[in-house]
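Asks: how would this look folded up:
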Amino acid sequence: MIAKRNSVALTPITSDTKQFITLEGGYSEITPELIRNSILSLETAMSGLPGETKLGLETMHNFTDGIYIRTVYMRAGSLITGKIHKLEHTVIVSKGRASIVSEDTGAREITAPMIFISPPGVKRLLFIREDMIFTTVHPNPTNTRDLAQLEAALMIESYEALEKESV
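Replies: Here you go, the predicted structure:
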């Protein structure tokens, strides 16, 4: 099953965005909190951009017994913020290269082929340098194929909502 979802991308990268991606912000210490807040600020700024700068990402959904697999196809030149996931999950990068910034790993480059475990509660910023195929593997104990139900179970819209849910 393939679905289209709107996300935000910027092309070309502005000097402000490039400064953020390379973490040359002039801060004496780059902290996880600074990275999180910077990603959230950039996401807010990107959400207000005109429609022609927004990108429809192609997403493919696959299911096996107890597993949900979500594959996103991202075009080179895109600037994308990821969703906040509630649970630890596996990430498989099967094609492409990207600069990635997150509070758990800081700034780095990822290149296919690559597999890593993503901890819960992490939001990422990706600048796609080469067309990328990015797959996440999640538990699906109820075997639902309802995407809205899966997103509600696996992802959350904000850190505030994540904190409330954890209490």
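
Asks: flag the shaky bits of the chain, pLDDT-wise.
Replies: 1-29, 48-56, 167 (pLDDT under 70).

Asks: name the residues of the lengthiest strand in it that are buried.
Replies: In the chain, taking DSSP state E as the definition, the longest strand is strand 124-139. By neighbour count on 16 or more other CB atoms under 10 Å, the buried set for strand 124-139 is R124, L125, L126, F127, I128, R129, M132, F134, T135, T136, V137, H138. Every C-beta, even on glycine, is put in place using the N, C-alpha and C of the backbone.

Asks: wait, what's in contact with the nearest residue to the fourth one once chain neighbours are set aside?
Replies: If you skip the residues right next to it in sequence, F127 has S99 as its closest partner in space, 4.5 Å away by CB to CB, 6 or more residues apart in numbering. With contacts taken as CB atoms under 8 Å, 6 or more residues apart in numbering, S99 has the following neighbours: I21, A107, R108, E109, L126, F127, R129.

Asks: which helices and strands sit right next to the longest strand of the chain?
Replies: helix 15-21, helix 32-47, strand 67-74, strand 79-81, strand 89-102 (3 or more CB pairs under 8 Å, 6 or more residues apart in numbering; DSSP states H and E).

Asks: report the inter-axis angle for it versus strand 67-74.
Replies: Going by axes from the mean of the first three to the mean of the last three CA atoms, to 10 degrees, strand 124-139 is angled at 150 degrees with respect to strand 67-74.

Asks: helix 32-47 and strand 124-139, what's the angle between them?
Replies: Using the same axes, to 10 degrees, strand 124-139 lies at 100 degrees relative to helix 32-47.

Asks: ok now the next helix or strand after strand 124-139, how far from the chain's centre?
Replies: Counting by DSSP states H and E, the element after strand 124-139 in chain order, helix or strand, is helix 147-154. Between the centre of helix 147-154 and the centre of its chain there are 16 Å (CA atoms, centre = their mean, to the nearest Å).

Asks: tell me what the residue nearest to F127 is bridged to.
Replies: Taking DSSP bridges as the rule, S99 bridges to E109, F127.

Asks: over to I69?
Replies: N62, V137.

Asks: any idea how far P32 is from it?
Replies: Remark: distance between I69 and P32 (CB to CB, to the nearest Å) = 28 Å.

Asks: again with A76
Replies: 28 Å.

Asks: count of neighbours near the nearest residue to F63 once chain neighbours are set aside?
Replies: Nearest residue to F63, sequence neighbours excluded (CB to CB, 6+ apart): R145, at 5.7 Å. A total of 12 residues lie near R145 under the criterion other CB atoms under 10 Å.
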